[in-house]
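J.: Sequence and predicted structure are below.
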Amino acid sequence: MRRTTKAAVEDEAQIDLTPMLDVVFIMLIFFIVTASFIKEAGIEVNRPEASTSQPKENVNILVAISATNEIWMDKRRVDVRSVRANIERLHAENPKGAVVIQADNLSNTETVAAVLDAAREAGVYDVSLATQDK
C-alpha cells in the first residue's frame, strides 16, 4: 500500500491556468485588432461656429486646413495635389469611413473647395465640414 503525504495531495489538487491565459490572450488580440482608433489631422484649427451642427460617426479621414491654407492629414503636411491620393489610401483602409474637413476660420474657401473636390474625385461622397457649437 502506497502512502501519500500531504504535499503530494496538494500538488495534485492545483488547477492548470494555461488554457484560461490562452483564452484571455486571444480575446486581447481580438479587441486590439477590431478596435477603431481615432485619427487626427495633425494641427489644431479654430473651426467656425454653427447652431445646426450634428455629431458625425464613422469618421476615419480627417483633413485639417490651417489659417495659412496648409493642408494636414495623418499628422503631416500634404500638398493640395496629393490630397486625392491620400484620401484614396485612407478610404481603402476603411471603406465605410467618412471625410471630415476641419477648416480654420481664416482659411480660404478655394482651399476648402479643392479638398472637397479631391475627396469626391477619390470616390468619397460622405464629406462634412467640422464646426464648433455656439
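T.: The structure has been received and is ready for your questions. Numbers count the residues shown, from 1 in each chain.
J.: What average pLDDT does the biggest helix by length in the chain get?
T.: Identified as the longest helix of the chain according to DSSP state H is helix 18-34. For helix 18-34, mean pLDDT rounds to 87.
J.: Stretch 80-95 now?
T.: Across stretch 80-95, pLDDT averages out at 88.
J.: contacting residues around that stretch?
T.: Residues outside stretch 80-95 that contact it (Cβ atoms under 8 Å, 6 or more residues apart in numbering) are 36, 39, 60-61, 63, 71, 73-74, 78, 97, 99, 111, 114-115, 118-119, 121-124. C-beta coordinates here come from the backbone N, C-alpha and C atoms, glycine included.
J.: Give me the buried subset of the residues you listed.
T.: Buried residues within the contacts of stretch 80-95, counting neighbours by 16 or more other Cβ atoms under 10 Å: 39, 60-61, 63, 71, 73, 78, 97, 99, 111, 114-115, 118-119, 122, 124.
J.: So which of the contacts of stretch 80-95 sit within strands?
T.: Using DSSP state E, the subset of the contacts of stretch 80-95 located in strands is 60-61, 63, 71, 73, 78, 99.
J.: of these, closest to Met27?
T.: Within these, the smallest distance to Met27 is 24.3 Å, found for Asn60 (Cβ to Cβ).
J.: Hmm, that closest one is touching Gly97, no?
T.: Yes. Using Cβ atoms under 8 Å, Asn60 is in contact with Gly97, at 3.2 Å.
J.: Could you export stretch 105-121 as PDB, CA atoms only?
T.: Extracted C-alpha coordinates of stretch 105-121, given in PDB (Å, rounded to 0.1, in the frame of the first residue of the first chain):
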ATOM      1  CA  ASN A 105     -11.900  80.400 -39.700                       C
ATOM      2  CA  LEU A 106      -9.200  82.300 -41.700                       C
ATOM      3  CA  SER A 107      -8.600  79.700 -44.400                       C
ATOM      4  CA  ASN A 108      -9.600  80.400 -48.000                       C
ATOM      5  CA  THR A 109     -12.800  78.900 -49.500                       C
ATOM      6  CA  GLU A 110     -10.700  78.000 -52.500                       C
ATOM      7  CA  THR A 111      -8.600  75.600 -50.400                       C
ATOM      8  CA  VAL A 112     -11.700  74.000 -48.800                       C
ATOM      9  CA  ALA A 113     -13.300  73.600 -52.200                       C
ATOM     10  CA  ALA A 114     -10.100  71.900 -53.600                       C
ATOM     11  CA  VAL A 115     -10.100  69.400 -50.700                       C
ATOM     12  CA  LEU A 116     -13.800  68.800 -51.200                       C
ATOM     13  CA  ASP A 117     -13.300  68.100 -54.900                       C
ATOM     14  CA  ALA A 118     -10.300  65.800 -54.200                       C
ATOM     15  CA  ALA A 119     -12.500  63.800 -51.800                       C
ATOM     16  CA  ARG A 120     -15.200  63.400 -54.300                       C
ATOM     17  CA  GLU A 121     -12.700  62.500 -57.100                       C
END
